[in-house]
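Student: here is a sequence with its predicted model. Questions after.
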Amino acid sequence: MAVGIDLGVKTLAVMADSTGEIRTAPGPGHYDAARRQLRRASRVVSRRQGPDRRTGQQPSRRWEKANAPRNKVRHRVANLREDALHKLTTAVAAEYGTVVIEDLNVAGMLKNRRLARRIADTGFGEIRRQLDYKTRRRHATRTIVASRWYPSSKTSSGCGAVKATLPLHVRTYACDACGLVIDRDDNAALNLAALVAACVTGTGVAGDQDTAPAVSKPRGADQKTRATRTRRKASAGRAGGATLPQQRQEEARDRTQAEPLKLW
């Protein structure tokens, strides 16, 4: 059985299998729950004399003593996040034979100041990494990575019509062609699950099909690229009027003297 996973901020993962069943995994929000403790601990640390790399100043004992509770809160948040992601990916890899997940540009998504904190708390890249190696270890399981430019949210899961634009604040997908009204994340998960039939080459990239005949690409793109660059022929002169020593010898050898040399 195949499953398509659509990752999100409000909901950590929306999973839709090949039978049409949709399940959701809520976002844990461990960092949001610990922000108050981190704020209080950081306020105490800021009042102590900390290290300074520019001047080489060493931290004081009171700073190290106040920084220990803050590090404890940070480590607890990281451990809780890792535990939740491991439980999710282990359950998915054990239940489904094929997992379809998107190739998200996490570095570009973190540039959004309004969503950067929540995106970093969910761990999109870590989910893909864990699913990759956990499905590889199990027999008869695989992970398919959908193309980054595949419009999973803009495509209708009922008729396949693709919308030109779909803003992020629109959370309900309404198809103008077939009249389908469905949640945005549910629609994306169903489209990802349907990509299993399109992935026929086994390369791990959804939509990479071999059914179409090979067509030559323009500008010679289908030709093999040379591994090494061809050496250019030596010209008559070098840049700036300089010539090679061998070239000067050949010119001196070939030059004919019209009259004998005279000494002044």
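Tutor: The structure has been received and is ready for your questions. Because the structure is predicted, anything quoted here is derived from the model rather than measured.
Student: okay, now the unreliable bits of this structure?
Tutor: 198-264 (pLDDT under 70).
Student: mind listing the strands for it?
Tutor: Under the criterion DSSP state E, the chain contains strands at 2-7, 11-17, 22-26, 98-102, 142-146, 172-174, 181-183.
Student: got a list of contacts for the last one?
Tutor: Counting contacts by C-beta atoms under 8 Å, 6 or more residues apart in numbering, the residues outside strand 181-183 that touch it are 157, 171-175, 190. Backbone N, C-alpha and C define where each C-beta goes, glycine included.
Student: buried members of these into PyMOL, please.
Tutor: The buried subset of the contacts of strand 181-183, as determined by 16 or more other C-beta atoms under 10 Å, is captured in PyMOL by this line:
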select buried, resi 157+173+175+190
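Student: I'd like the contacts of strand 181-183 laid out as CSV, including distance to residue 73.
Tutor: CSV is the format used below for these (distance: C-beta to C-beta, whole Å):
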residue, distance to residue 73
157, 42
171, 33
172, 38
173, 39
174, 43
175, 46
190, 39
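Student: list just the nearest of the contacts of strand 181-183 to residue 46.
Tutor: residue 171 (39.1 Å; C-beta to C-beta).
Student: so who does that closest one touch?
Tutor: Residue 171 neighbours (C-beta under 8 Å, 6+ apart): 183-185.
Student: so who does the closest residue to residue 38 other than its chain neighbours touch?
Tutor: Nearest residue to residue 38, sequence neighbours excluded (C-beta to C-beta, 6 or more residues apart in numbering): residue 73, at 5.5 Å. Applying C-beta under 8 Å, 6+ apart to residue 73 gives the contacts 34, 37-38, 41.
Student: which one (most neighbours) among those residues?
Tutor: When neighbours are counted by other C-beta atoms under 10 Å, residue 41 leads the contacts of residue 73 with 20 neighbours.
Student: report the separation between it and residue 20.
Tutor: 47 Å (C-beta to C-beta, to the nearest Å).
Student: again, but for residue 134
Tutor: From residue 134 across to residue 20, the span is 25 Å (C-beta to C-beta).
Student: please apply the same query to residue 109.
Tutor: Look at residue 109 and residue 20: by C-beta to C-beta, they are 29 Å apart.
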